[in-house]
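1. give the three-dimensional model of this entry:
(one chain, ligands or ions: 1)
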Amino acid sequence: MTSTLHLVDDLDRSVLVSPIGMLVSWAEEPADALVIEDGRVAWLGSSARPPAADVRIDASGRCVLPGFVDCHTHLVFGGDRADEFEARLAGRPYAAGGIRATVAATRAADDTTLRTGAERLAQEAVRSGTTTLEIKSGYGLTVEDERRLLEIASTITPHTTFLGAHVPEGDADAYTDLVAGLMLEACAPHATGIDAFCEKGAFDADQCRRVLSAGQAKGLAVHVHANQLGPGPGVQLAAELGAASADHCTYLTDDDVAALRDAGVTAVLVPAAEFSTRSPYAPARRLLDAGVSVALASDCNPGTSYTTSMPFVIALACRELGMTPLEAVRAATLGGAAALRQPDVGHLRVGAQGNLVVLDAPSPTHLSYRPGVDLVERVLLGGRGAL
Ligand SMILES: [Zn+2]
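-> Take a look at the predicted model:
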């Protein structure tokens with residue numbers, strides 16, 4: 001794998017994966033074999049009568065899944081916050097201001113250091129089965145630093161989100177004007193999405209609306225860090241704007257749940273953040289039972305969730321959020337694709353990007369049944385082995 005996570009579409013070899021012990025494709029018809037050609041799923045069917053292919057991968061007794069879609073990460077940053085983590089273990093609660101420590105370290109780091117660090121984490125993510133990755137800015141908080149973080153992120157993934165509205169620098173209203181104006185102007189060419197941290201200690205609903213609407217007017221998909229540390233207006237704002245996702249969603253009223261469902265906003269749940277900060281988990285069952293589109297993501301960042309492992313997130317979702325193993329895998333694949341509004345990832349129907357994971361296990365249940373065990377035997381990106 002090179003520095004880009006995405007589709008390898010210039011393959012001159014076709015790959016047959018057959019037979020497969022258990023295939024989770026999210027296609028309607030059951031199948032136990034598939035062919036990847038030109039980087040895409042070209043055929044799904046029975047291993048009894050497979051078409052010819054240049055290469056065959058035997059996955060008998062193994063489970064094959066779509067590659068995970070991690071739709072919420074903050075991978076470009078300087079330094080780490082191990083000291084803060086240790087202090088938290090000793091009883092100090094998480095507050096939004098911890099972000100400032102990473103902002104200082106990020107501004108002090110040169111481009112090469114930041115790029116190398118983010119690439120290392122992206123490679124780590126691929127090794128645990130992630131084949132589509134979103135990366136947010138948000139540790140620069142100046143026009144130039146936010147722009148350079150997005151430029152670095154866009155060398156790693158096509159899904160880059162401008163998060164200038166992470167925490168305010170100085171007067172919150174004046175800073176909001178900067179984010180929605182000059183900073184957005186500089187960052188939009190390097191971003192596909194825009195995000196804002198709607199929370200006490202960060203930005204209020206009016207400030208977030210100004211930033212997100214300005215980004216939306218430039219064609220960026222809207223995401224909101226919403227209702228993470230307490231009840232608040234973030235989820236309702238996401239619904240009002242027709243956002244692609246509302247992320248965190250820990251503190252929800254029944255009206256919030258209904259608003260997400262009615263507006264078709266994907267709720268992105270990040271249980272590794274709650275795990276790392278010893279915070280209450282999001283009400284996944286209420287969301288699923290109400291028919292809300294749910295995604296799981298790592299929220300990989302140095303402050304509150306320093307993991308790239310989607311299998312770990314899936315294990316937490318089953319153990320702590322009350323999701324079934326298949327619901328968790330669906331949220332980690334199709335759910336993430338919905339949050340990124342990218343319809344050709346997160347599944348293995350014909351036409352999908354040929355990104356898949358072979359588990360050294362007979363079913364996806366083992367991801368939560370055997371927590372902490374590396375079950376990812378093989379990752380294919382567009383048919384090409386990533387490992
Ligand atoms: Zn986040």
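
2. what's the longest strand in the chain?
-> Determined from DSSP state E, the single longest strand within the chain is strand 55-66.

3. now it: how far from the chain's centre is it?
-> Per Cα atoms, centre = their mean, to the nearest Å, the displacement of strand 55-66 from the mean C-alpha position of its chain is 25 Å.

4. sheet-wise, list the partners of it with their directions.
-> strand 15-23 (parallel), strand 356-359 (antiparallel) (DSSP bridges).

5. in whichever helix or strand comes after the first one, which residues are buried?
-> Spelled out, it's strand 15-23. Where DSSP states H and E defines the elements, the next helix or strand beyond strand 15-23 is strand 33-37. For strand 33-37, burial by neighbour count (16 or more other Cβ atoms under 10 Å) applies to A33, L34, V35, I36, E37. All C-beta spots, glycine's among them, are computed from the backbone N, C-alpha and C.

6. hang on, the earlier thing: the strands paired with strand 55-66 into JSON lines, with extra columns for distance to P168 and mean neighbour count?
-> Shown next, in JSON lines, are the strands paired with strand 55-66 (distance: least, Cβ to Cβ, whole Å; neighbours: other Cβ atoms under 10 Å):
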{"stretch": "strand 15-23", "distance to P168": "48", "mean neighbour count": "22"}
{"stretch": "strand 356-359", "distance to P168": "40", "mean neighbour count": "26"}
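
7. with G193 as the reference, name the closest of those.
-> With Cβ to Cβ, the closest approach to G193 among these belongs to strand 356-359: 24.7 Å.

8. average pLDDT for the very next helix or strand once past the closest one?
-> Going down the chain from strand 356-359, the next helix or strand is helix 366-369, by DSSP H and E. For helix 366-369, mean pLDDT rounds to 97.

9. which elements pack onto helix 366-369?
-> Here helix 366-369 touches helix 310-320, helix 325-330, going by 3 or more Cβ pairs under 8 Å, 6 or more residues apart in numbering; DSSP states H and E.

10. what does that helix contact?
-> 63, 311, 314-315, 317-319, 325, 328-329, 359, 361, 375 (Cβ atoms under 8 Å, 6 or more residues apart in numbering).

11. what does stretch 202-216 give?
-> Under the contact criterion Cβ under 8 Å, 6+ apart, stretch 202-216 has outside partners 96, 162, 164-168, 172-173, 176-177, 179-181, 184, 188, 191, 193-194, 196-198, 222, 224-225, 232-234, 236-237, 240-241, 243.

12. next, count neighbours for S154.
-> By other Cβ atoms under 10 Å, the residues close to S154 number 17.

13. then the one 4 residues further on?
-> Using other Cβ under 10 Å as the criterion, P158 is surrounded by 17 other residues.

14. distance of it from I314?
-> 24 Å (Cβ to Cβ, to the nearest Å).

15. cool, D344 as well?
-> D344 is 22 Å from I314, by Cβ to Cβ.

16. same question, H72
-> As defined by Cβ to Cβ, H72 lies at a distance of 15 Å from I314.

17. just E199 next, same as before
-> From E199 across to I314, the span is 26 Å (Cβ to Cβ).

18. repeat that for R378.
-> 18 Å.

19. neighbour count: those two, which is higher?
-> A count of neighbours by other Cβ under 10 Å puts I314 above the other of R378 and I314, at 25 against 18.

20. next up, the contacts around that one.
-> With Cβ under 8 Å, 6+ apart, I314 has these contacts: L296, P325, A328, V329, A332, P364, L367, S368.

21. give me the subset of the contacts of stretch 202-216 lying in strands.
-> Filtering the contacts of stretch 202-216 for membership in strands, criterion DSSP E, returns F162, G164, A165, G193, I194, A196, F197, C198, V222, V224, H225.

22. and the fourth one, how many neighbours does it have?
-> Read it as G193. Neighbour count of G193, defined by other Cβ under 10 Å: 23.

23. now it. Nearest residue, chain neighbours left out?
-> The shortest distance from G193 to any non-neighbouring residue, by Cβ to Cβ, 6 or more residues apart in numbering, is to T161 (3.8 Å).

24. would you enumerate the residues in contact with the one you found?
-> T161 is in contact with E134, I135, K136, S137, A191, T192, G193, I194, D195, A221, H223, counting by Cβ under 8 Å, 6+ apart.
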